[in-house]
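*Asks:* sharing a model prediction with you, sequence too.
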Amino acid sequence: MDLHVLKTADDVLRDLADYFVATANQAIAARGRFAVALSGGSSPKKLYELLASPTYRAQVNWDQVYFFFGDERNVPQSSPESNYLMAKTALFDPLVIRAAQVFAVETDHDPAEAAAQYGVAIEEFFGEEKAIFDLILLGLGDNAHTASLFPRTSVLHEKTVGVKEVWLPEQQVYRITFTAPLINQARAIAFLVYGADKALAVQQILEFDRNIEQYPAQLIAPESGQVSWFLDEAAACKLTKRG
């Protein structure tokens, strides 16, 4: 595990943008394409806006980048809550990304069908190869969830590599998410976390005893891929170990 602790949120975003660019260029050089799974939320939105800015947009051959979503809310793609719409507005449209490069969850289907179809789309993209993403971007909730792997949900015990629907009783909504085994196949996984409100969750995941029911992000533990955490000082303030 690599721990990147920067002073401010802006520093974190720049550091992760540099990491994204380096990882993309390495994948394109090695395999001719870069397959990345995006995260939703306000923190990733700022990252995507930075990647689309003049500072970064010329540093990647965007025609060779293929975008997926590690999780999605079960809302229309036109909804303000849609992870797809956020990424489209912040990243795809400014960079004029072709529709064929973007794999969105078809949320107009029943959640279980949408999850199954998205799993098929991933399988078809990778063909006969294992579904190994070059990079999966993840956030972290203050309840220690990541993607849509929420505390005390059945998906936490899913052993299959794929995509599943998740019912969240507290919110009375469905979400669609990569399973932990699919995330753990990635070549690289990067958590983007900043703000003091995330400090306890960061400590729980990185330093508390394993308890996936309470701290689902502890499930992210690939056997061969690299996990990197990009934190600001506020999010890292409860950690007792920095290395």
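*Replies:* Yep, it's here.

*Asks:* state the number of residues packed around residue 204.
*Replies:* Other residues within reach of residue 204 by the criterion other C-beta atoms under 10 Å amount to 19. Bear in mind the C-beta positions are built from the backbone N, C-alpha and C, glycine included.

*Asks:* longest single helix anywhere in this protein?
*Replies:* Using DSSP state H, we find that the single longest helix of the chain is helix 9-31.

*Asks:* in this protein, which spans are strands?
*Replies:* For the chain, the strands defined by DSSP state E cover 2-6, 34-38, 65-69, 71-73, 135-138, 163-168, 173-178, 188-193, 226-232.

*Asks:* tell me which strands the longest one pairs with, and in which orientation.
*Replies:* Which is strand 226-232. Here strand 226-232 is paired, per DSSP bridges, with strand 2-6 (parallel), strand 188-193 (parallel).

*Asks:* most neighbours per residue, which of these?
*Replies:* Here the criterion is mean neighbour count by mean count of other C-beta atoms under 10 Å, and of those the winner is strand 188-193, at a mean of 24.

*Asks:* that one to strand 34-38, inter-axis angle?
*Replies:* Computed with axes from the mean of the first three to the mean of the last three C-alpha atoms, to 10 degrees, the direction of strand 188-193 lies at 30 degrees from that of strand 34-38.

*Asks:* residues in contact with strand 188-193?
*Replies:* Contacts with strand 188-193, where a contact means C-beta atoms under 8 Å, 6 or more residues apart in numbering, come from 12-13, 16, 19-20, 23, 39, 43-44, 47, 134-140, 146, 183, 201-202, 217, 220, 222, 225-231, 235.
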